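Peer 1: quick one, what's the 3D model for this:
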Amino acid sequence: MSATAVSTPVSATLPRAFWALWVCQLVNRLGSFVQPFLVLYLTHDRQLSAGTAGAVAAAVGAGTVSAQLVGGFLSDRVGRRLTMLICFFGTGAALVMLGSARQMALIWVTAFLVGLLGDLFRPAVQATVADLLQPAERVRAYGLLFWAINLGFSVSTVSAGVLASFGYGLLFWVNAATSVIAGMVIWTMVPESRPVPETDAAGRALLPVVARDTVFLLMILLQVGYATIYMQGYSTLPLAMSGDGLSSRTYGLVIALNGVVIVLAQPFLGRWMARRDRPKLLASSMLIVGLGFGVGAVVHSWWGYALSVVVWTLGEIGFAAVIGAVFADLAPIDLRGRYLGLSGMSFGIGTVVGPLAGTNALEHLGPTVTWLGCAVLGVAIFLGQYALAPALHARAAANEATNAVS
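Peer 2: Below is the predicted model:
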């Protein structure tokens, strides 16, 4: 049996600290009000132009990308728990400051801080799960965290609209409060899990190791390709649907299927995915996402686009559950947080490349070529990911043996 296939039964129960992380993710997402309404707040309450408001939103995005590197570094150097505490309590303060800011300079700075502090927890949470759980349990655990995020966000998008009717300022305070509550969950229920590094490995630099890690660099490249495809759902898809005469309301209903499918299907798929070969499941998930978007080349009705969303959402479920486990298997134990941070940053790069590539392809080449391009890219990254499976198995086995000796 391969090194990353399940060689021992998956435990029916997960540790208390993991469920605290799950609650933390859910609470944090339940209060994620500010970012979806930030542009409306800036244009309506602060009377900024649409272009300026969009640029401020981009500052949040820049902070989010930076957070992957900073969060990974901090989780390896000062610990996972402290990094998460800095994230949640710092985000609460940054949100209050952004909601109170009047000068443009302060708005820019606090917007960047909201993105930076708000995403510090991602590599720290992923590293904590890898620290707490055996490899056989990680796919199920990452899948449950993904489910909590989507469950919370589905509720928050509805409740945020209600709260906004009482004033956008309330969104900042409630969002800050949920961030502080999430921090208190970490404070009271999640212990530090960072492995104590060996003396000769303590403090070693990341870049020299990564520069020699061809398998990791190829994985980063494949994830950029995946994110490029995935972001078409939030950039090119609404434009293509509008070109077919469908309203923005129809797009909203169609894209809402993404959250519905995740919330309903992921709990039933979790245990099945945990028994699959991780690198091959990852490759298959990437392929399904590419082919799901490729469906757009032959559909022009709302139900055709809805079918496309359902197909690529199933691929997204598999990808989200397994990607963290694959990178955790790949990472040296003393660099685990930073490896996972680089993984998150590579996805962030794809979120920039994707909208630029997709919208320009739609404008200059048309929808058919654009969606077929997604399918072709999906096949390409499937083949690349599948070809890497033996190397990923070998690395996972080597790291497991090293950790067992330690």
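Peer 1: going forward, measure contacts and count neighbours with C-alpha atoms only.
Peer 2: Noted.
Peer 1: please, which helix or strand holds Tyr305?
Peer 2: Per DSSP states H and E: Tyr305 is located in helix 302-330.
Peer 1: and that helix, how far out from the chain's middle?
Peer 2: Helix 302-330 sits 11 Å away from the centroid of its parent chain (CA atoms, centre = their mean, to the nearest Å).
Peer 1: got it, and stretch 100-112?
Peer 2: Using CA atoms, centre = their mean, the offset of stretch 100-112 from its chain centre is 26 Å.
Peer 1: what residues does it touch?
Peer 2: Residues outside stretch 100-112 that contact it (CA atoms under 8 Å, 6 or more residues apart in numbering): Arg46, Val56, Ala57, Ala59, Val60, Gly61, Ala62, Gly63, Ala94, Leu95, Met97, Leu98.
Peer 1: same deal with stretch 178-187?
Peer 2: Residues contacting stretch 178-187 (CA under 8 Å, 6+ apart): 20-21, 23-25, 27-28, 30-31, 81, 84-85, 87-89, 91-92.
Peer 1: the residues you listed, buried ones only, as a PyMOL selection?
Peer 2: Under the burial definition 16 or more other CA atoms under 10 Å, those of those that qualify are selected in PyMOL by:
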select buried, resi 20+21+23+24+25+27+28+30+31+81+84+85+87+88+89+91+92
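Peer 1: of the contacts of stretch 100-112, closest to Ala177?
Peer 2: Leu95 (9.6 Å; CA to CA).
Peer 1: next, count neighbours for that closest one.
Peer 2: Counted with other CA atoms under 10 Å, the neighbours of Leu95 add up to 27.
Peer 1: between the longest helix belonging to the chain and helix 302-330, how big is the angle?
Peer 2: Determined from DSSP state H, the single longest helix within the chain is helix 367-405. Helix 367-405 runs at 30 degrees relative to helix 302-330, counting by axes from the mean of the first three to the mean of the last three CA atoms, to 10 degrees.
Peer 1: buried sites along helix 367-405?
Peer 2: So, applying 16+ other CA under 10 Å, buried residues of helix 367-405: 367-382, 384-386, 388-389, 392-400.
Peer 1: so which other helices or strands are in contact with it?
Peer 2: helix 214-230, helix 278-294, helix 302-330, helix 336-365 (3 or more CA pairs under 8 Å, 6 or more residues apart in numbering; DSSP states H and E).
Peer 1: which stretch among these comes nearest Ile262?
Peer 2: Comparing these by CA to CA, helix 302-330 comes nearest, at 6.7 Å.
Peer 1: tell me what angle that closest one forms with helix 278-294.
Peer 2: Using the same axes, to 10 degrees, helix 302-330 lies at 160 degrees relative to helix 278-294.
Peer 1: tilt between helix 302-330 and helix 336-365?
Peer 2: Using the same axes, to 10 degrees: helix 302-330 against helix 336-365 is 150 degrees.
Peer 1: mind checking how far Gly395 is from Ala124?
Peer 2: No, residue 395 isn't Gly; it's Arg. Arg395 sits 22 Å away from Ala124, going by CA to CA, to the nearest Å.
Peer 1: neighbours of Gly71, how many?
Peer 2: Neighbour tally, Gly71, other CA under 10 Å: 31.
Peer 1: roughly how far does it sit from Asp119?
Peer 2: 8 Å.
Peer 1: ok, back up a step: which helices and strands does the helix holding Tyr305 pack with?
Peer 2: Helix 302-330 packs on helix 121-132, helix 135-164, helix 248-274, helix 278-294, helix 336-365, helix 367-405, going by 3+ CA pairs under 8 Å, 6+ apart.
Peer 1: quick one: mean pLDDT over it.
Peer 2: Mean pLDDT, helix 302-330: 93.
Peer 1: flag every buried residue along it.
Peer 2: Buried residues in helix 302-330 (16+ other CA under 10 Å): 302, 305-330.
Peer 1: what of stretch 45-59?
Peer 2: In stretch 45-59, counting by 16+ other CA under 10 Å, buried: Leu48, Ala53, Gly54, Val56, Ala57, Ala58, Ala59.
Peer 1: before we move on, what about stretch 277-287?
Peer 2: Asp277, Arg278, Pro279, Lys280, Leu281, Leu282, Ala283, Ser284, Ser285, Met286, Leu287.
Peer 1: same question for stretch 238-245.
Peer 2: Quick answer for stretch 238-245 (16+ other CA under 10 Å): Pro238, Leu239, Ala240, Met241.
Peer 1: and the gap between Met189 and Arg16?
Peer 2: Counting by CA to CA - Met189 and Arg16 are separated by 8 Å.
Peer 1: name the residue closest to the centre of the protein, please.
Peer 2: Gly344 (6.9 Å; CA atoms, centre = their mean).
Peer 1: got the domain ranges for this structure?
Peer 2: 15-137+154-192, 204-406 (automatic domain parsing).
Peer 1: any chance of these in TSV, plus distance to Ala148?
Peer 2: Formatted as TSV, those follow (distance: least, CA to CA, whole Å):
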stretch	distance to Ala148
domain 15-137+154-192	5
domain 204-406	8
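Peer 1: of those domains, which shows the lowest average pLDDT?
Peer 2: domain 15-137+154-192 (a mean of 86).
Peer 1: redo the helices and strands packed on helix 367-405 as JSON lines? Include distance to Val39.
Peer 2: JSON lines is the format used below for those (distance: least, CA to CA, whole Å):
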{"stretch": "helix 214-230", "distance to Val39": "23"}
{"stretch": "helix 278-294", "distance to Val39": "28"}
{"stretch": "helix 302-330", "distance to Val39": "26"}
{"stretch": "helix 336-365", "distance to Val39": "18"}
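Peer 1: for Arg140, which of the ones you listed is the nearest?
Peer 2: Between the helices and strands packed on helix 367-405, helix 302-330 lies closest to Arg140; by CA to CA that is 6.9 Å.
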